[in-house]
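Predicted model, plus sequence, below.
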Amino acid sequence: KSNTKHKQASSISARIVLPQKRCYNRRNSAATIDAATRLEPTWQTDRPGQRQTLNARAPPDPWPELADASTRRPQRSASRVRTHARTHAARSLAGALAREVNGGGGGVCASGRSPARTGSENTMVTVCAASATGDVANTLQSSGALGFAWTVGGWIGTVTAALIVALVAFIFVYRMAKKDKAPAGYKLPPEFRSNIPVVGNFIGFASDPLGFVRQGYKECGNIFTIDMVAEKCTFLIGADAHKVFFEATDEEMDQARPYRFMKPIFGKGVVYDSPLKKRRQQMRALGRSLRPSVIKTYPPMIAAEVKSYLDSRWGDSGTVDLHKAFAELIINTASATLLGPEIRGEMFQEMSTLYAHLDNGLTPISVFFPNAPTAAHKSRDHARIEISALFSRILERRRADPEAAEKRSDMIKTLMEFTYSDGTKFTDDEIAGMILAALFAGQHTSSIVSTWSLLFLLEDKRNKGAKVFEKILDEIASLEEKPGLFASGDVPHDVVKEEVELYKVVKEAIRLHPPLIMLMREVMKPITMPDGTYIPAGHRAMVSNAIAQRLPEVFENPDEFDPSRWDDFNIAKLKPYSFIGFGAGLHTCMGESFAFMQVRTILTVILSTYELDLVTPFPEADYEAMVVPPKGPNMVRFKRRETPLSASRKVEPKVPKAPKAAAADSKIDEPSNAAEESKAEFTLEEIAKHNTKEDLWIIVKDRVFDVTTYLDLHQGGDNAIINFGGRDATEAVAGPQHPSTVPTLLERYHIGNVKK
């Protein structure tokens with residue numbers, strides 16, 4: 001800063017050292033610091049009357065722009081010397097408090113002479129850790145992380161020192177109150193720390209979440225904690241650690257608590273704001289809208305929507321931003337299939353505008369302060385009220401004409417008909433909230449998956465010999481009954497389920513770039529990992545599919561786009577919980593089969609209609625977004641095909657398999673409530689006869705599920721079964737799979753129980 005009073009310049013000086021190690025094993029008792037590293041800072045004055053400076057000699061600065069080019073300082077008045085003395089006192093107290101909280105560790109380093117050293121040699125040592133605080137005064141001064149400016153006035157210096165002391169004292173008390181302890185014989189997860197105290201972990205995680213967590217995994221292993229001051233996040237990386245996360249009950253790890261910031265959007269008492277029993281019933285109701293018999297009717301509707309969109313928005317040729325186009329296509333097709341003719345028809349523009357306000361109201365600050373008085377939140381809250389009123393108008397119209405309403409097969413009808421176990425119906429606001437939950441679950445995720453899938457195909461065409469791209473075009477052409485059928489907006493469901501190669505492309509895109517890069521649970525009861533690591537209650541357990549799905553020990557050449565890795569149906573090919581693109585276990589995404597169907601149908605129409613080329617460089621992922629898209633723009637050049645795709649390619653026609661007919665009394669295709677579960681019993685020998693992809697039964701805690709229809713509907717079902725914990729049966733009875741839990745989406749396949 002320019003100092004006009006003394007006509008001289010004063011600059012901030014800092015020496016920051018990055019330690020070689022940032023992963024620390026934690027003790028159960030109060031942390032102590034080794035005597036050899038218990039330092040007393042040594043101060044020196046360059047000349048009488050000058051400001052005192054910390055005597056230090058450091059390695060080259062990681063951030064040289066923060067350091068002075070010279071150690072020379074202008075002359076100071078006596079009052080200003082006293083001010084700096086008070087400031088130094090605050091710094092010393094901050095460091096002392098930090099040393100009591102932490103047992104050494106990495107972070108911003110205060111320099112001083114070690115008692116173990118002799119002579120004038122100085123050493124840089126660590127006296128603080130990012131999870132608590134260290135030399136807070138030096139940190140605030142040097143990093144500017146909190147926008148703190150040290151001032152030179154006497155009274156301002158005093159206030160500054162007092163505030164720092166208060167801040168450090170508060171953090172000290174808060175940290176001690178929340179200090180973790182593990183029972184005898186167990187260990188706490190190692191802690192991964194940033195180099196900046198107090199807020200360093202938060203800043204590092206927010207600026208590069210995957211890089212920060214990946215470095216933690218590299219240094220600490222597959223279980224480690226990152227302390228965010230207000231939250232302790234324990235990461236579980238890899239299939240074995242995932243097993244504990246996904247097999248935990250809701251009473252052990254609560255899914256709802258970390259996502260309560262969605263309450264202003266979904267509404268009071270809906271999904272994450274509802275008690276567990278009620279939430280399970282709400283999810284069951286949503287699952288009824290995604291049952292196989294309904295999904296089979298959607299591809300022609302989606303294909304017609306895509307055809308209409310391409311004709312009106314794209315035309316014959318031009319360039320388009322792929323991600324923006326898919327965002328519009330996904331909301332159009334979801335509205336047509338799930339929300340019914342009212343929303344897709346006369347209310348579409350109104351709903352789209354209100355939905356955009358809701359979407360824009362979900363910002364990073366919303367996660368921590370969902371009710372902060374921001375303009376985005378005010379707009380969000382107003383839009384939520386208007387959306388509830390909009391759905392009330394639709395519901396009133398349907399109630400007034402029950403005959404017409406009965407002909408519908410959309411989500412609104414399903415939710416109107418559903419009854420809680422106590423006999424009550426959903427309120428209008430609950431119906432609106434649950435539909436919003438379904439839209440938010442699928443809108444961004446599906447548009448991002450669609451974008452990445454086509455980007456990978458076009459990059460393969462441009463730079464990798466087009467082997468995968470040509471295989472996809474051949475597959476689509478071989479399934480077209482007559483030339484031009486798909487481009488005309490007619491894609492039957494039997495065609496979509498036969499697009500195995502396209503399925504593998506979409507799945508590989510999800511492996512490399514999952515839209516949601518982390519999943520969270522609140523630890524309600526202490527969890528003990530198989531290796532003896534103890535995760536205390538109150539921690540936030542987290543898994544990262546974006547990291548787990550690129551582990552080289554699980555996936556060969558993990559950073560390469562290689563759809564062929566998903567070639568074979570093999571229940572034992574992957575370790576359970578290795579691929580978690582749609583979650584796993586009890587809370588597996590119930591919209592998985594709908595998403596694969598929707599994305600493949602859209603891509604089928606686009607690839608059948610246009611010749612496409614990627615214009616812009618292949619993008620990186622934009623990790624600044626809450627749901628991670630490719631960085632844009634992603635410009636694609638398109639030109640309408642002069643000859644239908646199937647007529648221009650020499651491929652053997654492939655006749656789609658006829659769907660397997662279910663028995664007349666089968667309940668496989670209908671969701672069941674607990675009271676409706678079949679009472680049929682089967683011996684293990686009977687169950688063992690059903691152990692092929694074409695006829696597969698599974699056992700879950702003595703309950704029997706026929707998942708054949710699920711596998712027939714959705715090629716990803718085999719991997720989903722793996723992720724439920726599937727493994728071979730006992731040696732005595734070879735055959736059926738035995739997952740350890742079953743998600744909501746499989747409840748509809750329950751056919752009976754194991755005979756004792």
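Cool, got the structure. Being a predicted model, the structure only gives us computed values, none of them experimental. Residues are numbered from 1 along each chain as shown.

need the contact list for Phe594.
290, 295, 298, 442 (Cβ atoms under 8 Å, 6 or more residues apart in numbering). C-beta: built from backbone N, CA, C; applies to glycine.

okay if I get those residues as a markdown table plus distance to Ser352?
Compiled in a markdown table, the contacts of Phe594 are given as follows (distance: Cβ to Cβ, whole Å):
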| residue | distance to Ser352 |
| --- | --- |
| Leu290 | 23 |
| Ile295 | 24 |
| Tyr298 | 20 |
| Gly442 | 15 |
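
Which parts of the stretch 501-650 of the chain are strands?
Secondary structure of the stretch 501-650 of the chain by DSSP state E, counting those that start in this stretch: the strands cover 519-523, 527-528, 534-535, 540-543, 610-614, 635-640.

Thr424 is nearest to which of those?
With respect to Thr424, and counting by Cβ to Cβ, the nearest of the strands of the stretch 501-650 of the chain is strand 519-523 at 27.9 Å.

Report all helices and strands that that closest one contacts.
Here strand 519-523 touches strand 253-254, strand 540-543, going by 3 or more Cβ pairs under 8 Å, 6 or more residues apart in numbering; DSSP states H and E.

Show me the one of the ones you listed that comes nearest Glu191.
Among the helices and strands packed on strand 519-523, the nearest to Glu191 by Cβ to Cβ is strand 540-543 (14.1 Å).

How many residues are close by Phe638?
Other residues within reach of Phe638, judged by other Cβ atoms under 10 Å, total 21.

neighbours of the spatially closest residue to it that is not a sequence neighbour, just the number please.
Once flanking residues are discounted, Phe638 sits nearest to Tyr610: 4.3 Å by Cβ to Cβ, 6 or more residues apart in numbering. The local packing of Tyr610 (other Cβ under 10 Å) involves 21 other residues.

Who is Tyr610 paired with across the strands?
With beta bridges defined as DSSP bridges, Tyr610 has these partners: Arg640.

Next, Glu191: phi, psi?
phi -110, psi 130 (degrees, to the nearest 10).

no, scratch that, I was asking about Gly345
The phi/psi pair for Gly345 (degrees, to the nearest 10) is phi -100, psi -110.

so what's it up against?
For Gly345, the contact set (Cβ under 8 Å, 6+ apart) is empty.

quick one: pLDDT of it?
Looking at Gly345, its pLDDT reads 82.

cool, and the one 3 residues further on?
If you check Phe348, the pLDDT there is 86.

does it really touch Ala334, like I thought?
No: the pair Phe348 and Ala334 fails to qualify as a contact (Cβ atoms under 8 Å) at a distance of 11.6 Å.

Tell me which of the two has more neighbours.
Using other Cβ under 10 Å as the criterion, Phe348 and Ala334 rank with Ala334 on top: 25 against 17.

so which helix or strand takes in the more buried one?
In this assignment (DSSP states H and E), Ala334 forms part of helix 322-334.

Contacts for that helix, please.
Counting by Cβ under 8 Å, 6+ apart, 301-302, 305-306, 309, 313-314, 344, 352, 355, 439, 442-444, 446-448, 450-451, 454-455, 598, 601-602, 629-630, 632-636 sit against helix 322-334.

how close does the residue lying closest to Glu620 once chain neighbours are set aside get to Glu652?
In space, and not counting its chain neighbours, Glu620 is closest to Lys631: 5.3 Å by Cβ to Cβ, 6+ apart. Distance of Lys631 to Glu652, given as Cβ to Cβ, to the nearest Å: 40 Å.

Just want to know which of those two has more residues nearby.
Per other Cβ under 10 Å, whichever of Lys631 and Glu652 has more neighbours is Lys631, with 16 against 7.

residues contacting the more buried one?
Shown in contact with Lys631 (Cβ under 8 Å, 6+ apart): 619-622.

From Thr445, how far off is it?
Using Cβ to Cβ, Lys631 is found at 17 Å from Thr445.

Now do the buried residues in the helix or strand hosting Val306.
Per DSSP H and E: Val306 is located in helix 298-309. Residues of helix 298-309 classed as buried: 298-299, 301-307, 309 (neighbour count, 16 or more other Cβ atoms under 10 Å).

So which of the residues you listed is the closest to Ile387?
Ile387 has its nearest neighbour among these in Glu305, at 21.6 Å by Cβ to Cβ.

Do I have it right that the closest one meets Ala336?
Yes: assessed by Cβ under 8 Å, Glu305 is found in contact with Ala336 at 5.1 Å.

what's the closest of the buried residues of helix 298-309 to Lys425?
Tyr298 (26.0 Å).

isn't Leu458 right next to Glu611, touching?
No: judged on Cβ under 8 Å, Leu458 makes no contact with Glu611 at a distance of 10.8 Å.

Would you mind telling me which of these two has more residues around it?
Neighbour count, other Cβ under 10 Å: between Leu458 and Glu611, Leu458 has more, with 21 against 13.

Can you name the helix or strand that that one falls in?
Assigned by DSSP H and E, Leu458 belongs to helix 428-463.

what helices or strands is the helix or strand just after that helix leaning on?
Downstream of helix 428-463, the first helix or strand assigned by DSSP H and E is helix 467-479. Counting contacts by 3+ Cβ pairs under 8 Å, 6+ apart, helix 467-479 is packed against helix 428-463, helix 500-512, helix 592-609, helix 645-648.

list the buried ones in helix 467-479?
468-469, 471-479.

buried residues in the following helix or strand past it?
Per DSSP H and E, the first helix or strand lying C-terminal to helix 467-479 is helix 493-496. Of the residues in helix 493-496, 493, 495-496 count as buried by neighbour count, 16+ other Cβ under 10 Å.

again with stretch 308-326
Within stretch 308-326, the residues that count as buried by 16+ other Cβ under 10 Å are 309-310, 314, 320, 322-323, 325-326.

Same check on stretch 447-454?
By 16+ other Cβ under 10 Å, the buried positions in stretch 447-454 come out as 447-454.

just to revisit the earlier point, pLDDT of the helix holding Val306, averaged?
Averaging pLDDT along helix 298-309 gives 95.

what does it rub up against?
Contacts with helix 298-309, where a contact means Cβ under 8 Å, 6+ apart, come from 328-329, 332-333, 336-337, 486-493, 495-496, 594, 597-598, 601-602, 604-606, 609.
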